[in-house]
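Undergrad: Fold the following and give me the result.
(one chain, ligands or ions: 1)
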Amino acid sequence: MTRSDQPPLGDDRPPKPRPAPVPDHDSAPYWQGLHDGTLLVQTCEDCGHVQLYFRDRCLACRGPVTNVPASGRGTVYSFTVIRQNYSRPFRDWIPYVVALVDLEEGPRLMTNLVDVDPESVQVGMAVQARFEAVSDEAGIALFTPVR
Ligand SMILES: [Zn+2]
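TA: Down below sits the predicted model:
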């Protein structure tokens, strides 16, 4: 008997594409920026707070925010190595790294580390963003070690 969370043995269907974000009013510029190869963050026009993810107002003071390009540089705050995932978009990537990356500008985001041996990933490792379009209106930021 096969558990419902596992594919049947011999499931050789092709992988599905990576799930794409569905942009909303606030997040559309962020996803479009990633699609076009730019990681954007928001800075507050009143207090200078830098934030991700995109919101209508500053989280610190409710002031107006401006979208600005980030450097794409960051460091690994934490990570885990995924060794089991039967979902078709992900199963062919095993093992892969899910990480929290602290951007040089301050915000922390969840991402995948790519082009890296999962066994070599370390907290504090310097990483750099690269971009992958996942729909006509959205991209994602993946990170690779700075060599
Ligand atoms: Zn503010």
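Undergrad: Neighbours of the residue nearest to Asp26 when sequence neighbours are not counted, how many?
TA: Excluding the flanking residues, the one nearest Asp26 by C-beta to C-beta, 6 or more residues apart in numbering is Phe54, at 4.9 Å. Any C-beta I mention is one placed from the backbone N, CA and C, and that applies to glycine too. Residues near Phe54, counting by other C-beta atoms under 10 Å, number 20.
Undergrad: Could you report the distance from Phe54 to Gly139?
TA: According to C-beta to C-beta, to the nearest Å, Phe54 stands 14 Å off from Gly139.
Undergrad: swap in Val76?
TA: Counting by C-beta to C-beta - Val76 and Gly139 are separated by 21 Å.
Undergrad: Quick check: residues of this protein near the ion?
TA: Listed as neighbours of the ion in the chain under the rule C-beta under 5 Å from the ion: 44, 46-47, 49, 58, 60-61, 63.
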